[in-house]
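> Would you be able to build a 3D model of this:
(one chain, ligands or ions: 1)
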Amino acid sequence: SKTLRYYAEKNGKMIGMAFCTYKGLDSDRSEAARQFNMMVAENEMKMDVLQPSQGSFSWGAADGLVSLAKNNNMTVRGHCLVWHTQQPAWLSSDGKKNDKGWTRQQALDIMKNHITTVLQHFKGKVTEWDVVNECLDDDQSIIRTNPEGYKLRPTVWQQAIGDDYIDSAFVYARRADPDIQLYLNDYDVEMQGKAKAVAFSNLVKRLQSKRIPLDGVGLQCHFSIGDVDSVKLEKTIRLFGEAGLKCIITELDMGVPSTTTANLEEQARNYRMITDIVLNNDNCPNLVVWGIKDNDSWRSNSNPLLYNSGLGKKKAWYAVRSALRHR
Ligand code: G3I
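Numbering: from 1, shown residues only. As a prediction, this is how the structure comes out:
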């Protein structure tokens with residue numbers, strides 16, 4: 001029977017999943033390659049893995065994932081260049097504090113060297129990157145008093161450089177490889193009406209007004225059943241489309257409180273609803289699910305993925321395929 005990628009390709013879409021080479025079994029690998037046309041490194045391209053000590057890079061794990069993808073005709077999307085989690089200890093003890101005392105210029109140089117080296121290494125192999133990940137503070141109650149309409153999360157980068165670290169990251173990335181697509185990725189920004197969603201669009205407006213090279217935004221979409229308002233989600237995708245940007249689904253998972261038939265059916269309906277939205281919007285070329293099997297998920301307790309722990313296809317899998325097929 002036909003695969004997810006078969007129907008996705010007919011619709012000109014990418015159907016992807018996050019793969020972790022040190023979790024995956026051979027059976028996961030072959031199912032991933034058969035069913036999906038896009039792959040994201042769940043961990044292998046994060047800064048702590050790529051630059052474990054300052055100025056010395058370690059490509060083995062990431063290159064392994066890239067060749068797995070290449071051998072199976074899959075596109076690789078890069079995740080992620082500038083973040084506050086999974087940062088090397090030499091940069092910051094926790095990714096948040098500037099406790100190594102970097103000056104603005106030192107931090108800019110470190111960021112530039114990381115971005116430039118990584119993008120040159122993966123040139124021609126990775127087509128798009130999350131350049132900045134999760135830069136917004138979870139608490140946006142400041143929104144009324146801040147003239148820019150958003151508050152950034154305090155991270156080592158933000159502390160050492162200032163709020164314009166984001167601008168610099170995108171400029172360095174465009175210079176390092178003008179042929180790839182550059183994304184700003186975040187969570188809790190998916191549905192219009194939420195304070196963090198407003199902040200996200202205010203930030204994007206400011207970046208665009210300064211002509212910062214940004215091709216699109218990523219909506220992570222770590223959801224649980226009952227979370228999704230399809231009208232508000234689609235509104236977000238259209239809003240960014242009107243601003244000339246792509247708006248893609250980068251880390252979808254859909255938790256259930258328990259695996260009753262009713263919950264798994266609701267999970268399937270939610271996956272289907274999101275797949276339909278992707279299909280209906282040209283500025284949304286990618287739908288990426290954050291993992292393959294429930295037991296390997298970062299939210300394994302909520303069984304949020306398309307395959308169960310025995311790699312069996314769940315109702316959600318059939319719902320995604322049926323949405324892709326009936327277009
Ligand atoms: O590297 C060690 C490994 O040496 C050891 O054997 C293993 C044993 O548990 O732990 C490994 O590190 C773990 C790593 O995943 C690789 O499995 C970390 O403890 C664990 O914290 C890390 O979790 C990842 C998490 O990001 C870290 O923040 C998840 O796999 C990954 O799914 C998750 O992904 C993030 C996205 O990047 C950004 N958006 C949110 C999303 C979910 O948190």
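
> List the contacts of residue 52.
Contacts for residue 52 (CB atoms under 8 Å, 6 or more residues apart in numbering) come out as 58, 88. No exception for glycine: its C-beta is placed from N, CA and C like everyone else's.

> just residue 83 next, same as before
By CB under 8 Å, 6+ apart, the contact list for residue 83 reads 46-47, 95, 132-134, 155.

> Single out whichever of those has the smallest pLDDT.
Least confident entry in the contacts of residue 83, by pLDDT: residue 95, with 94.

> what's that residue in contact with, if anything?
Applying CB under 8 Å, 6+ apart, the residues near residue 95 are 83-87, 155-156.

> Now the buried members of these.
Neighbour-count burial (16 or more other CB atoms under 10 Å) applied to the contacts of residue 95 gives 83-84, 87, 155-156.

> Just the ones of the contacts of residue 83 in helices?
Judged by DSSP state H, the subset of the contacts of residue 83 located in helices is residue 47.

> what about the closest residue to residue 37 other than its chain neighbours, distance to the ligand?
Nearest residue to residue 37, sequence neighbours excluded (CB to CB, 6 or more residues apart in numbering): residue 5, at 4.2 Å. Using CB to the nearest ligand atom, to the nearest Å, one gets 22 Å for the distance from residue 5 to the ligand.

> any idea which element residue 5 lies in?
According to DSSP states H and E, residue 5 maps onto helix 4-10.

> which residues touch residue 152?
Going by CB under 8 Å, 6+ apart, residue 152 touches 135-137, 158, 163, 166.

> For beta bridges, what are the partners of it?
Beta-bridge pairing for residue 152 (DSSP bridges): residue 136.

> Go through the buried ones among the contacts of residue 95 and name the one nearest the ligand.
Nearest to the ligand, judged by CB to the nearest ligand atom, of the buried ones among the contacts of residue 95 is residue 83 at 7.4 Å.

> what pLDDT does that closest one get?
pLDDT, residue 83: 98.

> Skipping adjacent residues, who's closest to the residue of the stretch 51-200 of the chain found nearest the ligand in space?
Residue of the stretch 51-200 of the chain nearest the ligand, by CB to the nearest ligand atom: residue 85 (4.3 Å). In space, residue 85 comes closest to residue 95 once its chain neighbours are excluded; the distance is 5.5 Å by CB to CB, 6+ apart.

> Who wins on neighbours among the contacts of residue 83?
Greatest neighbour count in the contacts of residue 83, by other CB atoms under 10 Å, goes to residue 132: 28 neighbours.

> Who is it paired with across the strands?
Applying DSSP bridges to residue 132 gives these bridge partners: residue 82, residue 184.

> ok now do it, which residues does it touch?
Residue 132 is in contact with 80-83, 166, 169-170, 184-185, counting by CB under 8 Å, 6+ apart.

> so what pLDDT did the spatially most central residue of the chain get?
Most central in the chain under CA atoms, centre = their mean is residue 250, positioned 3.9 Å from the mean C-alpha point. Among the per-residue scores, residue 250 holds a pLDDT of 99.

> hang on, it in a strand?
Yes. Counting by DSSP: H, G, I helix; E, B strand; the rest coil, residue 250 is found in a strand.

> OK, contacts around it?
Applying CB under 8 Å, 6+ apart, we find residue 250 in contact with 40, 77, 79, 130, 183, 185, 218-221, 286, 288.

> Tabulate those in CSV, adding columns for neighbour count.
Formatted as CSV, the contacts of residue 250 follow (neighbours: other CB atoms under 10 Å):
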residue, neighbour count
40, 30
77, 28
79, 25
130, 25
183, 29
185, 23
218, 25
219, 26
220, 21
221, 24
286, 25
288, 23
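
> and the ligand, which of these contact it?
Applying CB under 6 Å from any ligand atom to the contacts of residue 250, one finds that residue 220 fall near the ligand.
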